[in-house]
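Student: Here's a sequence, model it:
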Amino acid sequence: MVTISGVNQIPQIGDTIRYMNGNSFGFELAGTGPVTAKVWDYSAMMSSGSTYFYYVDPAGTADAALFPTSTIAEGAQGTTGFIYMQAGETWIARKGITGDMTMQYNADSAMLFHFPMTAGDNFECTYTGTLVASGLDLIINDGQVTMQADAQGTITLPNGTVLTDVLNSKKSENIFLLITICSYLST
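Tutor: Numbers count the residues shown, from 1 in each chain. Below is the predicted model:
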């Protein structure tokens with residue numbers, strides 16, 4: 001049974017993570033074989049670009065005072081602002097976002113990952129907060145992060161690298177916004 005801990009999963013200040021965007025047309029993304037011995041073969045997948053994320057000390061950013069409990073800030077290639085997070089040994093939670101929009105999560109924040117994680121594990125977190133975008137102040141009501149670790153096995157990457165003991169996880173997030181519009185009429 002594959003078990004993933006937070007040791008190599010939770011980013012650290014100074015890390016850079018590069019993601020390759022792949023054209024998945026014609027590939028079986030669910031893999032083949034039973035859930036405990038899946039095989040994902042992406043060796044012939046073509047790259048359609050890449051992006052990277054980098055991690056810095058939040059104290060060195062312009063908006064650090066907005067998120068005093070954050071322990072790491074995530075920047076993304078070609079964007080302004082940061083995602084502010086607080087991390088422990090077995091978890092990481094989002095505290096807020098700055099840039100084109102600003103989000104502030106209430107004290108419970110948005111738990112993104114919780115470790116250890118094994119195939120068959122499910123994780124869910126609900127959160128509330130505020131979102132400011134395009135001049136609108138919106139209330140985040142019942143935002144939800146869901147993660148499912150649904151299979152384990154072996155993956156072959158486009159560069160030919162074969163990784164064993166891989167845990168496949170699916171993460172989704174839904175944000176429910178409450179918009180209040182006030183109109184003032186006078187005669």
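Student: And the lowest mean pLDDT element among the helices and strands of this protein?
Tutor: strand 177-178 (a mean of 70; mean pLDDT, DSSP states H and E).
Student: Distance from stretch 99-115 to the middle of the chain?
Tutor: Once both centres are worked out by Cα atoms, centre = their mean, to the nearest Å, stretch 99-115 turns out to sit 10 Å from its chain's centre.
Student: Quick one: end-to-end length of that stretch, please.
Tutor: Using Cα to Cα, to the nearest Å, one end of stretch 99-115 lies 29 Å from the other.
Student: Skipping adjacent residues, who's closest to Thr154 in space?
Tutor: Thr164 (5.0 Å; Cβ to Cβ, 6 or more residues apart in numbering). The way it works is simple: take the backbone N, C-alpha and C, and place the C-beta from them, glycine included.
Student: what about that neighbour, which SS state?
Tutor: Assigned by DSSP: H, G, I helix; E, B strand; the rest coil, the conformation of Thr164 is strand.
Student: Count residues in the vicinity of it, would you?
Tutor: 9 (other Cβ atoms under 10 Å).
Student: Where does pLDDT dip in this protein?
Tutor: Where the chain drops to pLDDT under 70, the residues are 108, 178-187.
Student: Would you map the strands across this structure?
Tutor: Applying DSSP state E to the chain gives strands spanning 3-4, 16-23, 38-41, 46-56, 72-76, 83-87, 91-97, 102-105, 110-114, 117-118, 122-133, 136-156, 162-174, 177-178.
Student: Now that we have those, can you turn them into a markdown table and tack on distance to Ile10?
Tutor: A markdown table is the format used below for the strands of the chain (distance: least, Cβ to Cβ, whole Å):
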| stretch | distance to Ile10 |
| --- | --- |
| strand 3-4 | 11 |
| strand 16-23 | 11 |
| strand 38-41 | 24 |
| strand 46-56 | 10 |
| strand 72-76 | 9 |
| strand 83-87 | 5 |
| strand 91-97 | 5 |
| strand 102-105 | 18 |
| strand 110-114 | 7 |
| strand 117-118 | 12 |
| strand 122-133 | 14 |
| strand 136-156 | 14 |
| strand 162-174 | 14 |
| strand 177-178 | 29 |
